[in-house]
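K.L.:
this one's structure only:
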């Protein structure tokens with residue numbers, strides 16, 4: 001009788017890691033099912049809008065660059081040549097080693113204070 005109980009416990013101990021892994025996997029599948037169901041609900045809500053002529057016309061304009069026959073199209077580009085240069089950073093203007101003599105700069109460089 002004790003041998004049967006020992007074999008039963010041994011089989012449970014061998015199977016336990018597999019059961020734990022399967023439980024984790026089933027929980028992740030349940031979470032994915034919940035996410036997919038939310039996506040389906042959102043798609044159902046947007047179904048009427050996505051099927052409307054307004055949406056289809058808008059997507060045709062954006063993705064396919066289509067225009068109506070009586071419509072004029074104007075292209076607007078950024079002027080790259082008249083842009084103001086970016087403001088220099090305060091760190092670049094704040095040179096703490098400018099008043100130092102050459103040998104002092106070398107000393108700071110060697111001991112690692114200046115990089």
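P.N.:
Yep, it's here. This one's a predicted model, so the numbers in the text were calculated from it and none came from an experiment.
K.L.:
CA only for contacts and neighbour counts going forward, please
P.N.:
OK.
K.L.:
For residue 24, identify the helix or strand it belongs to.
P.N.:
helix 2-51 (DSSP states H and E).
K.L.:
could you give the angle of the helix or strand just after that helix to helix 2-51?
P.N.:
Note on helix 2-51: by DSSP H and E, the next helix or strand toward the C-terminus is helix 53-64. Counting by axes from the mean of the first three to the mean of the last three Cα atoms, to 10 degrees, helix 53-64 lies at 100 degrees to helix 2-51.
K.L.:
can you give me how far helix 53-64 is from the chain middle?
P.N.:
Relative to the centre of its chain, helix 53-64 is centred 27 Å away, using Cα atoms, centre = their mean, to the nearest Å.
K.L.:
so where's this structure shaky on pLDDT?
P.N.:
Low-confidence segments of the chain (pLDDT under 70): 82-98, 114-115.
K.L.:
and with 90 instead?
P.N.:
Across the chain, residues meeting the criterion (pLDDT under 90) sit at 1-2, 4, 6-14, 17, 39-115.
K.L.:
Return the residues in contact with the residue positioned nearest the centre of it.
P.N.:
Nearest to the mean C-alpha position of the chain, by Cα atoms, centre = their mean, lies residue 35 at 18.1 Å. Under the criterion of Cα atoms under 8 Å, 6 or more residues apart in numbering, residue 35 has no neighbours.
K.L.:
any idea how far it is from residue 42?
P.N.:
Using Cα to Cα, to the nearest Å, one gets 11 Å for the distance from residue 35 to residue 42.
K.L.:
now residue 100
P.N.:
66 Å.
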